[in-house]
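Enquirer: sequence unavailable; structure follows:
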């Protein structure tokens with residue numbers, strides 16, 4: 001399996017710290033607002049990575065944090081005259097629901113900043129004791145970047161004068177312009193925690209290093225985790241500072257592989273019709289099925305920047321529709337669950353730094369071949385079993401085509417109408433059993449009046465939106 005390392009800027013063969021196991025940590029949301037399409041893209045990328053690692057036989061431990069201590073959270077709580085916990089719990093629950101809607105599975109470990117304070121205190125104290133951090137007269141604790149000769153080795157960044165000036169202006173008590181806060185002293189009535197360094201709040205970069213040490217790092221290992229991931233915007237300063245903290249406080253580096261996904265941009269002119277240029281995932285889910293969004297957001301390579309627009313989304317949906325059409329064509333048939341050449345090729349493509357474009361091309365090819373063969377004379381029993389097996393594999397490794405195919409094509413019909421159609425189908429089934437074909441035909445026409453088509457199968461009667 002090959003992974004593109006953002007630090008070494010090349011593909012590297014994945015060699016885990018522990019044979020047969022893989023540890024992954026991804027920076028999660030700061031829960032003060034709704035998740036946007038960028039959050040969705042990142043969550044989907046690493047959901048796919050976990051699936052591909054598992055398909056390659058690895059026992060995966062996946063951690064993604066929840067930042068529930070932040071100045072933005074405090075600001076929103078003050079603005080809305082609400083308790084901070086009320087804000088964080090509301091947006092955490094919303095995040096989970098929206099991730100579920102796009103098929104993102106929960107991580108194995110989801111630590112919160114408020115639950116990790118002791119681990120943070122321990123890390124800061126280690127840095128102070130080893131002279132990599134210092135406390136100011138104001139009660140702040142800063143990481144001393146001059147004490148780390150590998151600082152900026154992650155991002156390969158060279159600080160310019162403007163950056164240095166901005167950092168100097170942020171605090172007159174810093175030793176160096178690049179030094180960053182590990183602990184921030186707070187003397188007002190906002191959220192504070194009683195730490196060994198005084199009342200205050202942790203710096204943003206601190207929590208991830210502390211959580212990784214607490215939940216994932218193993219004694220005497222060369223790296224705390226196999227893979228550390230997040231959006232491209234986190235490489236500097238967030239990941240740079242995380243790496244520095246861990247490197248200087250422990251006997252190991254933070255991660256062996258660093259993975260970063262590209263940005264999501266909105267094509268305003270094309271999106272304005274339905275989303276009003278909203279960047280929030282919740283608004284996209286009002287217009288589009290979650291699985292369609294999943295398919296679309298994963299349809300380009302994870303490292304590429306993504307331009308979200310309706311025209312490409314519609315084209316992407318048509319590709320997903322084709323998978324479901326084939327699934328519907330074979331609905332109810334048994335599979336042999338044996339590995340196929342298609343599955344080997346698909347896994348090979350995704351194992352090459354998650355080459356989704358090649359993976360989707362293989363899927364298109366498989367669908368075309370299956371449909372063309374099924375259109376010819378013959379029962380094609382083996383092809384049908386093989387194809388159903390392939391569709392299950394696509395579902396497992398990519399998270400596509402997970403629904404009943406008939407239900408998938410019902411998207412856009414409101415719940416009240418669905419309930420009414422279900423009632424009419426039951427009445428029609430009863431009329432057919434009673435051999436009241438006149439009533440059955442009338443009920444069928446009433447169902448069709450809702451702009452749907454119906455199909456009677458051995459598994460029951462199904463319908464879809466026309």
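Expert: Received it, and whenever you're ready, just let me know what you need. This one's a predicted model, so the numbers in the text were calculated from it and none came from an experiment. Numbers count the residues shown, from 1 in each chain.

Enquirer: helix or strand for residue 227, which one?
Expert: strand 223-231 (DSSP states H and E).

Enquirer: tell me the strands beside that strand, with direction?
Expert: strand 21-26 (parallel), strand 253-261 (parallel) (DSSP bridges).

Enquirer: for those, could you give me TSV that also reports mean pLDDT, mean neighbour count and distance to residue 361?
Expert: All C-beta atoms are positioned from the backbone trio N, CA, C, and that covers glycine. TSV is the format used below for the strands paired with strand 223-231 (pLDDT from 0 to 100; neighbours: other C-beta atoms under 10 Å; distance: least, C-beta to C-beta, whole Å):
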stretch	mean pLDDT	mean neighbour count	distance to residue 361
strand 21-26	98	24	27
strand 253-261	98	23	21
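
Enquirer: between those strands, which one is nearest to residue 138?
Expert: Nearest of those to residue 138, taken as C-beta to C-beta: strand 253-261 at 28.7 Å.

Enquirer: what residues does that closest one touch?
Expert: 3-7, 12, 14-15, 17, 25, 41-42, 45-46, 49, 154, 209, 212, 222-232, 234-235, 239, 242-243, 246-247, 302-303 (C-beta atoms under 8 Å, 6 or more residues apart in numbering).

Enquirer: residue 113 against residue 68, yeah?
Expert: Yes: here residue 113 reaches residue 68: they are 5.3 Å apart, a contact under C-beta atoms under 8 Å.

Enquirer: okay, those two: which has more neighbours?
Expert: residue 113 (25 against 22; other C-beta atoms under 10 Å).

Enquirer: can you tell me how far that one sits from residue 85?
Expert: Note on residue 113: its distance to residue 85, by C-beta to C-beta, to the nearest Å, is 12 Å.

Enquirer: just residue 363 next, same as before
Expert: 45 Å.

Enquirer: go on, residue 250?
Expert: Computed as C-beta to C-beta, the residue 250 to residue 85 distance reads 31 Å.

Enquirer: of these two, which one has the most company?
Expert: residue 250 (17 against 13).

Enquirer: wait, what's in contact with the nearest residue to that one once chain neighbours are set aside?
Expert: Spatially, and ignoring its direct neighbours in sequence, residue 250 is nearest to residue 213 (6.8 Å; C-beta to C-beta, 6 or more residues apart in numbering). Contact analysis of residue 213 by C-beta under 8 Å, 6+ apart lists 119, 123, 224, 246, 250.

Enquirer: hang on, the earlier thing: which helix or strand lies directly C-terminal to the strand holding residue 227?
Expert: Moving toward the C-terminus from strand 223-231, the next helix or strand (DSSP H and E) is helix 240-249.

Enquirer: chain center to that next one, what's the gap?
Expert: Using C-alpha atoms, centre = their mean, to the nearest Å, the mean C-alpha position of helix 240-249 is found 25 Å from that of the whole chain.

Enquirer: returning to that earlier point: looking at the strands paired with strand 223-231, spot the one closest to residue 72.
Expert: For residue 72, the closest of the strands paired with strand 223-231 is strand 21-26, at 20.0 Å, according to C-beta to C-beta.

Enquirer: any idea of the mean pLDDT in the helix or strand that that closest one is followed by?
Expert: Later in the chain than strand 21-26, the nearest helix or strand by DSSP H and E is helix 37-55. Taken as a whole, helix 37-55 has a mean pLDDT of 97.

Enquirer: give the buried residues for helix 37-55.
Expert: 37-53, 55 (16 or more other C-beta atoms under 10 Å).

Enquirer: what of stretch 58-73?
Expert: Residues of stretch 58-73 classed as buried: 58, 60-70, 73 (neighbour count, 16+ other C-beta under 10 Å).

Enquirer: go on, stretch 305-322?
Expert: Quick answer for stretch 305-322 (16+ other C-beta under 10 Å): 306, 308, 309, 310, 312, 313, 316, 317, 319, 320, 322.

Enquirer: what's whichever strand or helix holds the last one packed up against?
Expert: So the one you mean is residue 322. In this assignment (DSSP H and E), residue 322 forms part of helix 310-329. Counting contacts by 3 or more C-beta pairs under 8 Å, 6 or more residues apart in numbering; DSSP states H and E, helix 310-329 is packed against helix 268-275, helix 290-297, helix 356-374, helix 381-398, helix 405-408.

Enquirer: name the nearest residue to residue 72, sequence neighbours excluded.
Expert: Nearest to residue 72 is residue 32, by C-beta to C-beta, 6+ apart, at 4.5 Å.

Enquirer: quick one: contacts for the one you found?
Expert: Counting by C-beta under 8 Å, 6+ apart, residue 32 has contacts 70, 72, 73, 75, 76, 87, 88, 91.

Enquirer: quick check, nearest of the residues you listed to residue 376?
Expert: Among the contacts of residue 32, residue 91 lies closest to residue 376 (C-beta to C-beta), at 54.0 Å.

Enquirer: and that closest one, how far is that from residue 142?
Expert: Separation of residue 91 from residue 142 (C-beta to C-beta): 30 Å.

Enquirer: before we move on, what about residue 230?
Expert: For residue 230 relative to residue 142 (C-beta to C-beta), the value is 23 Å.

Enquirer: what does residue 216 give?
Expert: 26 Å.

Enquirer: so what's the residue count around the closest residue to residue 328 other than its chain neighbours?
Expert: Closest residue in space to residue 328, ignoring its immediate chain neighbours: residue 405 at 3.7 Å, by C-beta to C-beta, 6+ apart. Look at residue 405: counted by other C-beta under 10 Å, it has 20 neighbours.

Enquirer: residue ranges for the helices of the stretch 51-200 of the chain, please.
Expert: Counting by DSSP state H, counting those that start in this stretch, the stretch 51-200 of the chain has these helices, from start to end: 71-79, 84-101, 117-129, 161-170.

Enquirer: which one of those is the most hemmed in?
Expert: Mean neighbour count (mean count of other C-beta atoms under 10 Å) peaks for helix 117-129 among the helices of the stretch 51-200 of the chain, with a mean of 19.

Enquirer: residues making contact with it?
Expert: Residues outside helix 117-129 that contact it (C-beta under 8 Å, 6+ apart): 133-135, 141, 143, 182-183, 193, 195-197, 202, 206-207, 209-211, 213-214, 245, 248-250.

Enquirer: buried members of the residues you listed into ChimeraX, please.
Expert: The buried subset of the contacts of helix 117-129, as determined by 16+ other C-beta under 10 Å, is captured in ChimeraX by this line:
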select :133,134,135,141,143,182,183,193,195,197,202,206,207,209,210,211,213,214,245,248,249,250
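
Enquirer: any stretches of the stretch 51-200 of the chain with poor pLDDT?
Expert: Where the stretch 51-200 of the chain drops to pLDDT under 70, the residues are 159-172.

Enquirer: let's go with 80 and repeat that
Expert: 158-172, 189 (pLDDT under 80).

Enquirer: can I assume residue 221 sits in a helix?
Expert: No: assessed with DSSP: H, G, I helix; E, B strand; the rest coil, residue 221 is coil; it does not lie in a helix.

Enquirer: can you pull the contacts of it?
Expert: For residue 221, the contacting residues are 17, 252, by C-beta under 8 Å, 6+ apart.

Enquirer: distance of it from residue 1?
Expert: Counting by C-beta to C-beta, the gap from residue 221 to residue 1 is 20 Å.

Enquirer: what does residue 307 give?
Expert: Distance from residue 307 to residue 1, by C-beta to C-beta: 29 Å.
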